[in-house]
Structure formats: structure tokens, C-alpha cells
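Novice: Sequence plus predicted model, see below.
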Amino acid sequence: MEAEVSGVALNPVETFGVDVREMRVARKIGVRGLGKATGYSGAYVSKVENAKVVPSAKFAEGCDRAFGTGTMMARQRQAAVEGDHPSWFMPYLQRERKATRILNYSTLYVMGMLQTPEYARALYQMGAARFSASEIEAKVSERGARRDILDRVDPPPPVLWVVLHEACLRVVVGGPGLMARQIQRLLQDAERPNVSVQLLPFGVVPAADAPFTLLALGGAPTVLHADGPQGGRPQEAPSVTASAVETYDRLRAEALGHSESLIRIRKILEEYSQ
């Protein structure tokens, strides 16, 4: 349920931030003081209070200690986070931020990390699940935040390899103009030295018909994430991930090369621009 401030509905992450600020002020704890008590900076506390970042579990637990609220803040934080990301998706997001290599196969829509805010917003608005305007904006913000790892310096950003079925660029989300802007973003991201994009044209029968992502985590086992009707679950069984890696290699072999893919994508962009 959404709270309200001055008649404006708040999403769960915003509500968490308001509650942190009110309890901090009531206990006469400064921003820096709460940061020190939770192991974070004062700037981080301000971002949480203003819903600029999703609070970490460590921060919520630190708030409980500082405020003497038992596990209330930790439970509220979990409810707030799961309001924007179902519990089955949280383990994936945590691993995504630690990955050194991200191998993605997309079949109908551009992968979340490379979506523009308006493309993501249109997907949420057209989805079967119905969300309020504030819920949609929270989800769009969180999806956009996943791009941060592409710009980080320490540790270095992950290698991102995307095999994109042509359907991803032909399914018109939000109209031709929106699609043109999304494709422009995709082309810009493809110029990054750590990003490779391969287009799988309609004329090819793909090695897989469902989207999936592989996360390489340094010395840890590779993780497979595949979506399904009931959501997805990270899978680490060597036999399962080895088979997925083999399938991904076949998809890369079937797809156009990076340079040739960008030429084809630019032609599709021209169609939308006209």
C-alpha cells in the first residue's frame, strides 16, 4: 500500500526514505551520524531518504540498531524492494552487479540494462500487470539504475555481450518515434569498448527460442537466469550452465557479426525515422 505526503502517493522505496528521515530527526541523529552508525556515508543516507537509491539490507539493519526498532526497518526494506522487484529476481540483480561478463540473449524486447526510460515505461504500461503511475516510475528508475555498472571504474565494468533477435527491433513499443530513440541508444551503447551486439536476423532458425542470461562471476560458478511464466530462478548446476554456454556459442555463430549487425540495425533505425 502506498503512503502519501501532502496528498502525493509515494511508492514503497519513497515511503522507506520518509520513515528513515522522520525516525532520524525524532531521535536527533544527524545525517552523518546515521551514516556512521550504519557503515555508510552521510551522502548515502540522503540518497536513501530522497529515494535516489534503493536501500541495502545492511543499511536497513543498521537503522534498526540505531533506532532500536528490532527488525522493523529490515522488514520494511524487504517489502519496499520486492514491491519493485519480485523476490525471485533479487538474487539475479545482486549477481549482475558482481559479474565480470554478462551474456544475454533477447527474443522480443531490448534487454533491461540497455532500455531507455521511455521504452521501459511503455513496456510497464502495456504489460498484463497493472501498476499505478508512481509504481511505474519507481520501476523505470530501478531499471535505469542497472546501467550504472556500465560506467563504473573500480571495479572495471563487465563485458556485456548481447545477441538480439531481430524481433526485438520489430516489435513496436510505444510507437515509431520511441523505437527510433531506443535504437539510437542501443547503437550508442554498442560503441562502448566493453559492449558487443550481434543481431540474429529473421531468416535464421535460432538455437534457442526463449531469452536467457549468463553471468560470469570471476572465480565463482557461472549463473544462468532464464525467464518463465512464474518468473525465473538463478541456476548454477554445472551441467545446466555448460549446456546454456554451448547454446549461447551457437547463437553467436548464427548471428551477424558486431559490425555487420550495427549496419543492419542502422537500416532498421532509418525505417523508423522515416
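Specialist: Received it, and whenever you're ready, just let me know what you need.
Novice: so where do the strands sit in the stretch 151-274 of the chain?
Specialist: Along the stretch 151-274 of the chain, counting by DSSP state E, counting those that start in this stretch, strands occupy 159-165, 195-200, 212-217, 220-226.
Novice: got TSV for those strands, with mean pLDDT, mean neighbour count and distance to Arg130 too?
Specialist: Yep, even glycine has a C-beta here, placed from its N, CA and C like the rest. Output for these, formatted as TSV (pLDDT from 0 to 100; neighbours: other C-beta atoms under 10 Å; distance: least, C-beta to C-beta, whole Å):
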stretch	mean pLDDT	mean neighbour count	distance to Arg130
strand 159-165	97	22	28
strand 195-200	97	22	32
strand 212-217	92	21	27
strand 220-226	86	18	25
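Novice: residue ranges for the helices of this structure, please.
Specialist: 12-26, 31-38, 42-49, 57-67, 72-84, 90-98, 117-126, 133-145, 148-151, 167-170, 176-190, 238-254, 258-273 (DSSP state H).
Novice: closest one to Leu108 among those helices?
Specialist: Ranking the helices of the chain by proximity to Leu108 (C-beta to C-beta) places helix 167-170 first, at 5.6 Å.
Novice: Other residues contacting that closest one?
Specialist: Identification of contacts with helix 167-170 by C-beta atoms under 8 Å, 6 or more residues apart in numbering yields Ser106, Thr107, Leu108, Tyr109, Val110, Met179, Ile183, Leu199, Phe202, Ile265, Ile268.
Novice: per-residue confidence for the third one?
Specialist: So the one you mean is Leu108. For Leu108, the model assigns a pLDDT of 94.
Novice: need the contact list for it.
Specialist: So Leu108 contacts His165, Ala167, Cys168, Val171, Pro211 (C-beta under 8 Å, 6+ apart).
Novice: show me what contacts the nearest residue to Ala99 once chain neighbours are set aside?
Specialist: Nearest non-adjacent residue to Ala99, counting by C-beta to C-beta, 6 or more residues apart in numbering: Leu215, 4.2 Å away. Residues near Leu215 by C-beta under 8 Å, 6+ apart: Tyr92, Arg95, Glu96, Ala99, Arg101, Ile102, Leu103, Thr222, Val223, Leu224, His225.
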